[in-house]
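In: structure, please.
(one chain, ligands or ions: 1)
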Amino acid sequence: MRRLYDRCIRCGARVPWGRSVCRSCNPAGLPAPSPSQYHATVFISVLLVLTGMAVFFLLRA
Ligand SMILES: [Zn+2]
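Out: Numbers count the residues shown, from 1 in each chain. Here you go, the predicted model:
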């Protein structure tokens, strides 16, 4: 089981789960490399599934 927090990749401070840098290292809240990549992958997967379902239902109708 994974811990519920992560470590800042820049300074090592404790950061909320899913974040790769802490607030002081990333004040603007810009997307950090690894989590944003992960979210993009998830987003694209969801989009593909939704598109596939839409096509499926359109073909069935
Ligand atoms: Zn930091």
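
In: Pro27 falls within a helix, correct?
Out: No. The secondary structure assignment for Pro27 gives coil rather than a helix, going by DSSP: H, G, I helix; E, B strand; the rest coil.

In: what about it? Give its phi and psi, please.
Out: The phi/psi pair for Pro27 (degrees, to the nearest 10) reads phi -60, psi -30.

In: how about Phe56?
Out: Torsion angles, degrees, to the nearest 10, at Phe56: phi -60, psi -50.

In: ok, it - contacts?
Out: If you count contacts by CB atoms under 8 Å, 6 or more residues apart in numbering, Phe56 has none. All C-beta spots, glycine's among them, are computed from the backbone N, C-alpha and C.

In: how much space separates it from Arg23?
Out: Separation of Phe56 from Arg23 (CB to CB, to the nearest Å): 43 Å.

In: ok, and the closest non-adjacent residue to Cys11?
Out: Nearest non-adjacent residue to Cys11, counting by CB to CB, 6 or more residues apart in numbering: Cys25, 5.8 Å away.

In: ranges for the strands of the protein?
Out: 5-7, 14-16 (DSSP state E).

In: in the first one, what counts as buried?
Out: Residues Asp6 are the ones in strand 5-7 that count as buried (16 or more other CB atoms under 10 Å).

In: check the last one too.
Out: The neighbour-count criterion (16+ other CB under 10 Å) identifies Val15 as the buried residues of strand 14-16.

In: now do it, average pLDDT.
Out: Averaging pLDDT along strand 14-16 gives 86.

In: paired strands for that strand, with orientation please.
Out: Strand 14-16 pairs in its sheet with strand 5-7 (antiparallel), by DSSP bridges.

In: ok, the partner strand near the ion or not?
Out: No. If you take CB under 5 Å from the ion as the test, strand 5-7 misses the ion, and the best it gets is 8.7 Å.
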